[in-house]
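**Q** got a predicted model here, sequence first, then my questions.
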Amino acid sequence: MNQHAKVDIRHSTCPHDCPSACALDIEVIDGRSIGRVRGSKQQTYTAGVVCAKVARYAERIHHPDRLLYPMRRTGPKGSGQFARISWDEALDEVAARFDQAEREFGAESVWPYYYAGTMGLVMRDGINRLAHVKKYSRFYSTICANIARVGFAIGTGKIAGVDPREMGVSDLVVIWGTNPVNTQVNVMTHASRARKERGAKIAAVDVYNNDTMKQADIKILLRPGTDGAFACGVMHVLFREGYADRAYMDRYTDCPDELEAHLATRTPEWASNISGVPVEEIEAFARLVGQTKRAFFRLGYGFTRSRNGATQMHAALCIPAVTGAWQYEGGGAFFNNASIWQFNESIIEGHDAIDQTTRWLDQSKIGRILTGDADALKGGGPVKAMLIQNTNPATVAPEQALVRRGFAREDLFVAVHEQFMTETAVMADIVLPATMFMEHDDLYYGGGHQHISVGAKLIDPPGECRSNHEVLQGLGRRLNAVHAGFEMTPRELIDATLRKSGHGDIETLEADLWRDIQPDFRTSHYLDGFAHADKKFHFKADWANPPSGKPGLGPWEQMPSLPDHWTVIEEADEAHPFRLATSPSRSFLNTSFNETPSSIAREGSPTVMIHPEDATSLGIADGDAVTLGNTRGETTLTARLFDGLRRGVLVAESIHPNKAHIGGHGVNMLTGAEAVAPVGGAAFHDNKVWVKKATSASGRKS
């Protein structure tokens with residue numbers, strides 16, 4: 001008689017680098033493996049919907065290629081030649097090499113490096129505790145969120161907005177600079193509900209006719225880096241045609257008259273010449289926004305990944321302040337809820353051990369740092385040893401030519417704690433096998449919504465995989481890094497963090513499953529004033545004193561104070577006649593999921609979208625191998641003729657491994673690492689390039 005497997009439905013939160021942080025119902029089979037993963041209907045933002053890649057998570061967590069044992073490099077760097085060793089041997093060697101670097105070059109020669117491969121606070125941020133206690137070089141995270149965050153907060157005073165579920169009761173949902181069909185599917189859940197139940201319109205503003213724009217009622221297709229010009233043209237019309245809510249602005253904003261005078265010359269014709277959006281489309285969009293009180297602006301990260309990205313976010317955010325949309329349910333703006341969590345991570349990160357004189361190094365400049373750039377090193381000595389968790393810089397970081405050269409240094413010791421043999425792990429001296437989120441306890445928040453949750457361990461990890469916290473504990477003991485956080489379990493760290501943050505204890509939060517901490521309506525809509533000291537929304541930005549991030553980076557002195565098109569972007573020129581954006585794909589999440597069979601099958605090989613007329617002028621046919629290049633490097637991939645973008649614009653979706661590209665050089669060979677003003681960041685969608693049909697040499701795989 002066959003015995004049926006026991007299937008329990010357990011709950012968790014998706015930990016991946018996505019604002020949705022979906023609430024999950026997970027099939028746990030016989031307590032040892034997982035089956036189907038569904039979005040939970042018990043949490044009102046996720047609302048029963050989850051992206052396809054997470055729904056198929058069983059193929060990732062039970063993948064035959066997962067790293068299972070510690071390994072030491074036995075061949076040349078990058079050869080992929082490793083031999084299995086014990087955990088004691090691995091951690092002893094990492095600690096010995098860190099101590100050696102400290103003795104010979106000082107503690108700052110060790111640089112713990114991480115990012116958002118997990119968004120769980122314990123497993124993501126605990127590495128900072130090691131850095132702080134040991135006085136290693138500190139880490140300044142710039143690769144993703146800084147530009148967008150400062151652009152939003154410079155207007156509102158903090159990073160928080162309208163309850164994102166209010167999209168469902170809006171009459172116009174403007175999805176600007178983000179492709180949620182690919183990157184945060186729950187946005188579409190609530191926007192589609194508004195269309196179905198209220199007849200609401202969905203508008204999409206982006207640089208190509210992506211999967212979100214294909215579902216929109218209004219499509220605004222512009223050139224990369226020109227959103228600020230488009231926003232100014234829209235506001236010009238709002239003032240000109242009487243749609244500006246002057247009573248609201250007089251009460252809630254800082255300088256409406258000055259803004260109106262400034263916008264007098266920012267006409268739709270002016271905006272059209274810059275953005276490529278026809279005048280009639282600018283005016284029609286402005287009138288629709290002006291006539292719709294419940295207009296919800298869902299602003300994304302994508303359009304801020306440009307050298308003028310902070311000003312672009314601020315310009316778009318100013319529109320609902322001009323119309324007074326913030327007053328109404330279903331109106332106003334939302335980007336991220338970072339300001340509402342107020343988590344006290346002092347024990348997780350070891351705040352009591354921070355030495356402010358210890359240098360911090362910019363994550364995005366890892367290539368420059370590892371190749372000895374004096375400015376990037378803050379005038380200090382070289383980096384000689386690294387521990388890398390939760391990120392894959394050998395694929396995702398800007399200036400890949402420098403990154404490769406840096407990781408190839410024989411005098412650089414690198415330990416990588418990973419789930420798969422990524423391109424960064426291949427370059428390591430020691431590789432350590434890591435758990436996945438269902439195999440450890442952690443604390444989560446939703447950047448794109450308002451819930452906090454505990455994600456409990458559901459199954460045991462395979463092989464000898466250890467969590468980030470366990471690795472840090474092991475290194476802490478060997479390095480004599482004394483701190484209470486190293487002596488606590490993940491559950492104890494979660495409980496202490498919740499209590500310090502005023503969120504109760506771990507048992508209560510677990511009982512809640514996903515706790516809704518959305519502020520009340522008046523607070524969310526800033527009806528008692530915005531978060532600046534003067535309680536006003538700021539049309540005039542004080543970029544010298546931003547509410548978040550480290551100020552004074554990039555050419556911040558040149559930033560326009562009022563909304564405008566800032567001409568600091570990498571404009572196309574005779575030698576580089578195209579502008580390239582590297583947008584996210586549907587089945588990869590940065591470089592996560594690019595090892596799972598279903599995601600690989602859907603994404604295929606790396607391609608670049610090029611307008612058919614541009615392709616014809618270059619003698620390029622659909623499916624041809626083409627090389628893109630600039631002063632930073634070159635990459636070769638397959639041309640995909642596509643008329644859903646402006647001429648002179650190229651779009652390459654997803655971050656494929658370098659090895660997937662023809663010739664082995666990925667798309668981030670082309671991206672720069674210059675700090676984006678005013679608080680740093682990476683301008684991934686702001687690249688000028690040339691394009692040519694690949695020669696037989698460059699088209700040959702290596």
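**A** Perfect, I can see it now. Numbering: from 1, shown residues only.
**Q** which residues touch A401?
**A** By CB atoms under 8 Å, 6 or more residues apart in numbering, the contact set of A401 is 367, 632-633, 669. Quick note: C-beta positions are derived from backbone N, CA and C, even for glycine.
**Q** give me the pLDDT for N182.
**A** Here the pLDDT value assigned to N182 is 89.
**Q** and what of S702?
**A** The predicted structure scores S702 at 30 on the pLDDT scale.
**Q** what does R294 give?
**A** On pLDDT, R294 comes in at 98.
**Q** how much space between it and P180?
**A** Distance of R294 to P180, given as CB to CB, to the nearest Å: 19 Å.
**Q** so those two - more neighbours on which side?
**A** For the pair R294 and P180, the greater number of neighbours falls to P180 (26 against 20), based on other CB atoms under 10 Å.
**Q** for the more buried one, which non-adjacent residue is closest in space?
**A** The shortest distance from P180 to any residue that is not its chain neighbour, by CB to CB, 6 or more residues apart in numbering, is 3.7 Å, and that residue is V187.
**Q** ditto for V679
**A** G549 (2.9 Å).
**Q** what is the distance between the lowest-mean-pLDDT helix or strand in the chain and the centre of its chain?
**A** Using mean pLDDT, DSSP states H and E, the weakest-scoring helix or strand in the chain turns out to be helix 597-603, at a mean of 86. Between the centre of helix 597-603 and the centre of its chain there are 22 Å (CA atoms, centre = their mean, to the nearest Å).
**Q** which other helices and strands contact it?
**A** Helices and strands touching helix 597-603, by 3 or more CB pairs under 8 Å, 6 or more residues apart in numbering; DSSP states H and E, are helix 52-55.
**Q** what's the following helix or strand after the helix it packs on?
**A** Tracing the chain past helix 52-55, the next element assigned as helix or strand by DSSP states H and E is helix 58-61.
**Q** which strands or helices does the following helix or strand past that next one pack on?
**A** Note on helix 58-61: by DSSP H and E, the next helix or strand toward the C-terminus is strand 71-73. Judged by 3+ CB pairs under 8 Å, 6+ apart, strand 71-73 is in contact with strand 82-84, helix 87-105, strand 430-433.
**Q** again, only this time at 6 Å
**A** Counting contacts by 3 or more CB pairs under 6 Å, 6 or more residues apart in numbering; DSSP states H and E, the secondary-structure elements packed against strand 71-73 are strand 82-84.
**Q** give the phi and psi angles for I9, as a check.
**A** Here is the backbone geometry of I9 (degrees, to the nearest 10): phi -100, psi 110.
**Q** I'd say it and I26 touch.
**A** No. Under the criterion of CB atoms under 6 Å, I9 is not in contact with I26, lying 7.0 Å apart.
**Q** these two - which one has more neighbours?
**A** The residue with more neighbours, out of I9 and I26, is I26; 20 against 12, by other CB under 10 Å.
**Q** partner residues bridging that one?
**A** Taking DSSP bridges, one finds R10, V37 as the beta-bridge partners of I26.
**Q** quick check, pLDDT for it.
**A** pLDDT for I26: 97.
**Q** could you do E595 as well?
**A** Note on E595: pLDDT of 86.
**Q** tell me the SS of the residue nearest to P180?
**A** Under the three-state scheme (DSSP: H, G, I helix; E, B strand; the rest coil), V187 adopts helix.
**Q** burial measure for it, as a count.
**A** Using other CB under 10 Å, the number of residues around V187 comes to 26.
**Q** can you tell me the element G35 falls in?
**A** Counting by DSSP H and E, G35 is part of strand 33-39.
**Q** kindly apply the preceding question to V322 instead.
**A** Remark: V322 resides in helix 309-323, with elements defined by DSSP H and E.
**Q** which residues are contacting that helix?
**A** The list of residues contacting helix 309-323 from outside it, by CB atoms under 6 Å, 6 or more residues apart in numbering, reads 147-148, 150-152, 154-155, 176, 227-228, 231, 235, 238, 244-245, 253, 297, 299, 303-304, 326, 332-333, 537, 539, 541, 563, 566.
**Q** can you tell me which of the residues you listed are in helices?
**A** In helices, judged by DSSP state H, the following of the contacts of helix 309-323 are found: 147-148, 150-152, 154-155, 227-228, 231, 235, 238.
**Q** for this protein, which strand is longest?
**A** For the chain, the strand with the greatest residue count under DSSP state E is strand 633-641.
**Q** average model confidence for that strand?
**A** Per-residue pLDDT values across strand 633-641 average out to 98.
**Q** helix or strand next in line after it, which one?
**A** Tracing the chain C-terminally past strand 633-641 and defining elements by DSSP H and E, one meets strand 649-651 next.
**Q** what separates the residue most central in space within the chain from P461, distance-wise?
**A** Closest residue to the average C-alpha location of the chain: C144 at 4.1 Å, with CA atoms, centre = their mean. With the distance defined as CB to CB, C144 ends up 27 Å from P461.
**Q** same deal with G350?
**A** Counting by CB to CB, the gap from G350 to P461 is 26 Å.
**Q** so between the two, which is more surrounded?
**A** Counting neighbours by other CB under 10 Å for G350 and for P461 shows that G350 has the greater number, 23 against 20.
**Q** where does the residue nearest to P555 when sequence neighbours are not counted fall, secondary structure wise?
**A** Distances taken as CB to CB, 6+ apart place A677 nearest to P555, at 5.3 Å, with adjacent residues excluded. For A677, there is no helix or strand it lies in under DSSP H and E.
**Q** give me the three-state assignment for L509.
**A** In terms of secondary structure, L509 is helix; the call rests on three-state DSSP.
**Q** pretty sure it sits against A456.
**A** No. At 10.6 Å, L509 and A456 do not qualify as touching, with contact defined as CB under 6 Å.
**Q** can you give me the buried ones in whichever strand or helix holds F285?
**A** In this structure, F285 is located in helix 279-291 according to DSSP H and E. Neighbour-count burial for helix 279-291 flags 279, 281-283, 285-286, 288-290 (criterion: 16 or more other CB atoms under 10 Å).
**Q** out of those, which is nearest to L221?
**A** E281 (8.7 Å; CB to CB).
**Q** could you pull up the residues touching that closest one?
**A** Counting by CB under 6 Å, 6+ apart, there are no residues that E281 touches.
**Q** now with 10 Å?
**A** If a contact means CB atoms under 10 Å, 6 or more residues apart in numbering, then E281 has 218-222, 230, 233, 268, 272, 275 as its contacts.
**Q** likewise for K540?
**A** In this structure, K540 makes contact with 154-155, 253-255, 258-259, 262, 560-563, judged by CB under 10 Å, 6+ apart.
**Q** quick revisit: how about the strand holding G35 as CSV, C-alpha atoms only?
**A** Below are the C-alpha coordinates for strand 33-39, written out as CSV (Å, rounded to 0.1, in the frame of the first residue of the first chain):
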residue,chain,number,x,y,z
SER,A,33,11.3,19.5,0.9
ILE,A,34,9.0,22.1,-0.6
GLY,A,35,6.4,21.9,-3.3
ARG,A,36,4.3,24.6,-4.7
VAL,A,37,4.7,28.2,-3.6
ARG,A,38,1.7,30.6,-3.8
GLY,A,39,1.0,34.2,-2.9
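**Q** follow-up on the earlier one: give the rounded mean pLDDT of the helix holding V322.
**A** Mean per-residue pLDDT for helix 309-323: 98.
**Q** and that helix, how far out from the chain's middle?
**A** With CA atoms, centre = their mean, you get 20 Å for helix 309-323.
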